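Got a predicted structure here, sequence first:
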Amino acid sequence: MAREEIGKQAAFLSNQIRNVRFSDDGKTILFDAPDALGPALCTEVKELARRMERALRNLQRKVLFRSPVADTPRFHPSASYPGVHFLGTGQVALSGLPLRLFQYFDRVFEGFGAPWQAQPLRTPTLIPTAVLSRCDYFRSFPQNVTFAAHLREDAKLIQEFRARHQHLDNIDGDALADMERPEACLSPAVCYHVYHLLQQQTLPAEGLVYGICGKCFRYESSNISDLRRLWDFTMREVVFVGARENVLQHRERSIAMMAEFLESHQLAGEIRTASDPFFIAPDAVSKTYFQLSSESKFEVSLLLPDGERTAVGSHNYHSDFFGRAFGTSVEGAGPMHSVCVAFGLERWVHAFLQQHGLDPAAWPDVIRTAPEFA
């Protein structure tokens, strides 16, 4: 667990750190960086490693489910796929087979909300900075934030900006100073819109369930790579809001549904306790420890070649944090509790192709015979 947490956070020590990895015995941390910065960065990485090791030394990861094929996984390794087109840093277009896989996972995960008759909800891509602040995002994950900015409403400034960029191929170094203070960000998670939508309301005792799909944006620095770590990605979520006992029962049922899904699709992986990549700060290690020890987050972790993994989904319990933050209550039950079940669609495409390859004829029947591949 310490190695995984170190890997998440080390990339944000400096934009000069690349390719953070561990020796085969797990005792040595390796990374690429300019020679001149090496000694200072080594000191920072060692301190990060010591803090993580101290915090997590006596903590065991809990595995709720391990798929039968995880003991003998088979892979079809590939660094690139036809139909996956990278158009910028962490920005991808899909066509052909990968697009059909994406559409398949979107459809079946939308169906995860069917047992609860989840209400469809279309949410915006932008989210107000004030809302993200109430979600504690600027303290917990500032490294991931993507701000939406625009030029100040000043005719002279706009004309000067236009003139400076008349013959440039990119924006110049003075452009940021011309921007108004951002009042919105690109949304890092679609469930935040639900809590904002329900602010200052009293929910029915049985709670509510929403089904959402939208674009999300999290800047991952040097961790950005293939379909596993995109800056611009797609999240399908089922969001449960209501009393504590209700939302936790819904999470338990959704975890059981996911275990059946992994088995039927012959995917090698686990459902296990996990943590978010909290920013490197004095309270980050304690947040990580709490999330792992309290079992508030369970991730769907699929195996990849060379001993790697990717988290393709999660089942997150937020307690009553968002209920208190947005003044939302439940009839007869106090502040609203919430659970979100999230699926990163591009990651599912990547993990599936790594495990099952590009030939649909060799795929499990449940997906080979789906409408997207008929």
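Ah, there it is. Numbers count the residues shown, from 1 in each chain.

quick one: F322 and S329 touch, right?
No: F322 is beyond contact range of S329, at 11.7 Å (criterion: CB atoms under 8 Å). From N, CA and C alone the C-beta is placed, and that goes for glycine too.

list the residues that contact both of these two?
Residues touching both F322 and S329 comprise M336, with contact defined as CB atoms under 8 Å, 6 or more residues apart in numbering.

So which of these two has more stuff around it?
Each of F322 and S329 has its neighbours counted (other CB atoms under 10 Å); F322 has more, 25 against 17.

Run through the strands of the stretch 51-200 of the chain in chain order.
Taking DSSP state E, counting those that start in this stretch, the strands of the stretch 51-200 of the chain run over residues 63-66, 84-88, 91-94, 119-121, 126-128, 147-148, 184-186.

any idea which of these is most buried?
strand 184-186 (a mean of 20; mean count of other CB atoms under 10 Å).

Could you measure from the nearest residue to Q200 once chain neighbours are set aside over to M336?
Closest residue to Q200 apart from its sequence neighbours, by CB to CB, 6 or more residues apart in numbering: G327 at 4.7 Å. Relative to M336, G327 is positioned 9 Å away (CB to CB, to the nearest Å).

So for these two, which sits in the more crowded spot?
Just comparing G327 and M336: by other CB under 10 Å the higher neighbour count belongs to M336, 29 against 14.

give me every residue that touches that one.
198, 203, 241-242, 320, 322-323, 326, 328-330.

Mind pulling up the pLDDT for it?
Listed pLDDT for M336 reads 98.

Secondary structure element holding the residue nearest to Q200?
Secondary structure assignment for G327, by DSSP states H and E: no helix or strand.

just use 10 as the starting number from now, easier for me
In the new count, where the first residue is 10, that last one comes out as G336.

rewinding a little: could I get the strands of the stretch 60-209 of the chain as CSV with mean pLDDT?
What follows is the strands of the stretch 60-209 of the chain, written out as CSV (pLDDT from 0 to 100):
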stretch, mean pLDDT
strand 72-75, 97
strand 93-97, 97
strand 100-103, 98
strand 128-130, 98
strand 135-137, 98
strand 156-157, 98
strand 193-195, 98
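
Please dump those into JSON lines; it should also carry distance to A379 for every row.
Below are the strands of the stretch 60-209 of the chain laid out as JSON lines (distance: least, CB to CB, whole Å):
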{"stretch": "strand 72-75", "distance to A379": "23"}
{"stretch": "strand 93-97", "distance to A379": "20"}
{"stretch": "strand 100-103", "distance to A379": "17"}
{"stretch": "strand 128-130", "distance to A379": "21"}
{"stretch": "strand 135-137", "distance to A379": "33"}
{"stretch": "strand 156-157", "distance to A379": "37"}
{"stretch": "strand 193-195", "distance to A379": "31"}
